[in-house]
Structures are given as C-alpha cells and as structure tokens.
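>>> Next input, structure requested:
(one chain, ligands or ions: 1)
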Amino acid sequence: MTILDGKALSEQLIDSVKEKAEKLKPKLAVILVGENPASMAYVRNKKKACERSGIEYVEYNFSTSITQEEILKKIDELNKDETVNGLIVQLPLPDHIYVPDVIRAVTPEKDVDGFHAYNIGKMFLSPEFEDLPPATPLGIVKLLDHYNIPIQGKEVVVVGHSNIVGKPISMMMLNRNATVTTCHIYTKDLSAHTKRADILIVAVGKENLITADMVKDGVIVVDVGMNRNSKGKLCGDVDYPNVSKKASYITPVPGGVGPMTVAALILNTIRATERQRNI
Ligand code: GUN
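A predicted model of the protein is given here:
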C-alpha cells in the first residue's frame, strides 16, 4: 500500500511557482465571513501557501451579521481592483446569504476557486479548456498524476454530488475517459457501487462512511472528508485503518486532499494572473 502524500506534493507544487510569482507579483484576496473553525483553518493554510510561494495575500473579515448586499459590494470592488488577480469567498456562508448569487458575482477571470458557471462550463467541455477548474478536483487530479495512476478506462466511483467536489470531479474523470459513477444520499445500494471501484473518491463529510467490506482489493482511495471524531481528532469519510489494508493507494486525513486543494488554489492564482496579462 502506498500513501498518497498530498502534503509533500503540495509543498513541491507551491515551491515550483516561486519563480513565476516573483515575476508576476500576483495578489489573492480572500473574503471570510464569521468564525467557523474549519474555514479559519483553511484560510490560514491558504495564507501560509501564498507567503511560501510569494503571492501577495489580503484577507477581508466580516461578521455573520453582514448582509448579502454588503458582500456583493465588496466583491464588485475587488473585481474592479486591477491589483487583485484572484478572489475567493470562503464557504460556507451564513444561511441568510444565497451562495449561488455570491459565486456568480465573482468575475470569472479572478475566480481561482473555479466555482463560477463560466469556469465550470469550460471544464465540462473538455480537458483542454480546464482553465480554472475547481480547486479540490484539480488537486485530486494532480495527486493521481504525480503517482502515475492511470485514469483512462478505469471504473471511478465518486461518493458525494456537491457543486464544489462531487459533480466537478466526476466530470474531470469523464474528461480523462474513466467510466464514472456518481453516488449520493439517494443512492439505493452504495456498497454495490463502491465494490466495483478501481478509484474511489469520497466527499460526503461522514466519519466511517466507507468500511473495508465496501471496497475491493487493490482499490485506490481518495478521501476528501474532513471530520472531527468523538475524540476531537481529524478524520476523513473512510475507515482508514481497515480500508488501507485492502487499498493499493490511499490518501491520509489530514495530509492528503486538504493540502492539495491549497496547492491547486496557488496554481489557479498563477494561471489567472498569466491570463489577465495575456501570457
Ligand atoms: N469550503 C470548503 N472548501 C472550499 C474551497 O475549496 N473554497 C472555498 N472558497 N470554500 C471552501
């Protein structure tokens, strides 16, 4: 069994853009609403990655009482600010804010999370147009590629159908000629699907959702889950101690997909800056 070391690859990728960052001097703006501990941890890691790669980082913090209008106004201001190259709004947002409106407001050229319909649409059409793909799916693809794991012709089973992971990673796997099954909360017999997987990608947010009896020998497991167990320890959606005994490759939590999302954000920020300057 080989551990897919997202932390090591993430550091390598972040270091690999230093030269470009020095020339381009890109700037990433992050909007954070409230004090959700997970969001604060993500944002802290994004800031650290910017500092490491030489990307300028600015953060705008708002309390949860902010109105949708005020957020949209800030986004509009940052869209127009020519010194800002990348712009992300950390999710989740408070219930009174309608996320699709916020995602739509970020100009596609600066949408380094790859959440805007324009960037999703380009990614949908084919791999050549994956300009600014969603950060977590891009991180997953980079991780599989780094370990020379072939995707073409493989049975890929995705568990979870969110807009930010499940749906886009399904499409990116299809773009790479995998046979893709997307499972979700209404899937009738989850293990009937997961047992067929050559590559199993799980993005649900439920501890121990995937147990050893649900996978075949040699499976490649990508665990996108980020949960706290009863002891307060970070864990994924996969029963790691037991599933890892059957897997040929597996991502740990923490240290797998999480750092790769951050690396992908850095790569997207460089790419967005190059596009804006016609490089
Ligand atoms: N919340 C969970 N993952 C992400 C992400 O990749 N980007 C943003 N903006 N929010 C998130």
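
>>> C-alpha from now on. contacts and neighbour counts both.
Will do.

>>> What is the burial count for Asp81?
Using other CA atoms under 10 Å, Asp81 has 10 neighbouring residues.

>>> tell me the contacts of it?
Counting by CA atoms under 8 Å, 6 or more residues apart in numbering, Asp81 touches no other residue.

>>> Also the one 3 residues further on?
Val84 makes contact with 26-29, 78, according to CA under 8 Å, 6+ apart.

>>> For the chain, what lies in contact range of the ligand?
Residues of the chain lying close to the ligand by CA under 6 Å from any ligand atom are 88-92, 113, 135-136.

>>> can you tell me which of the residues you listed are in helices?
For the residues of the chain next to the ligand, the ones inside helices are 135-136, with DSSP state H as the criterion.

>>> ok, and for the longest helix anywhere in the chain, which residues are buried?
Ranked by number of residues, the top helix in the chain under DSSP H is helix 257-276. Buried residues in helix 257-276, counted by 16 or more other CA atoms under 10 Å: 257-273.

>>> What is the nearest of the contacts of Val84 to the ligand?
Ala29 (11.0 Å; CA to the nearest ligand atom).

>>> partner residues bridging the closest one?
Beta-bridge partners for Ala29, by DSSP bridges, are Val58, Leu87.

>>> got the contact list for it?
Contacts for Ala29 (CA under 8 Å, 6+ apart) come out as 57-60, 78, 84-88.

>>> out of these, what pair is the most spread apart?
Maximum pairwise distance among these (CA to CA): 15.2 Å, between Tyr60 and Asn85.

>>> So for these two, which residue has more residues nearby?
Asn85 (26 against 11).

>>> list the contacts for the more buried one?
Listed by CA under 8 Å, 6+ apart, the contact set of Asn85 reads 26-29, 110, 269, 272-273, 276.

>>> Highest neighbour count among the residues of the chain next to the ligand?
Neighbour counts for those, by other CA under 10 Å, peak at Asp113, which reaches 28 neighbours.

>>> follow-up on the earlier one: out of the contacts of Val84, who has the most neighbours?
Leu28 leads the contacts of Val84 on contacts (other CA under 10 Å) with 25 neighbours.

>>> Which residues are in contact with it?
50, 55-58, 84-88, 269.

>>> and it, how far is that from Met40?
For Leu28, the distance to Met40 equals 16 Å [CA to CA, to the nearest Å].

>>> Check Lys216 too.
Using CA to CA, we find Lys216 at a distance of 37 Å from Met40.

>>> Then Thr273?
25 Å.

>>> cool, Met226 as well?
14 Å.

>>> more crowded one of these two?
Neighbour count, other CA under 10 Å: between Met226 and Met40, Met226 has more, with 20 against 15.

>>> how deep is Gly236 tucked in, by neighbour count?
Per other CA under 10 Å, the neighbour tally for Gly236 reads 28.

>>> oh, and call the first residue 150 from now on, that's how I've got it
In the new count, where the first residue is 150, that last one comes out as Gly385.

>>> Surely it and Asn378 touch.
No. Contact criterion CA atoms under 8 Å: Gly385 and Asn378 do not qualify, at 9.2 Å.

>>> which neighbours do those two share?
Common neighbours of Gly385 and Asn378 (CA under 8 Å, 6+ apart) are Glu356.
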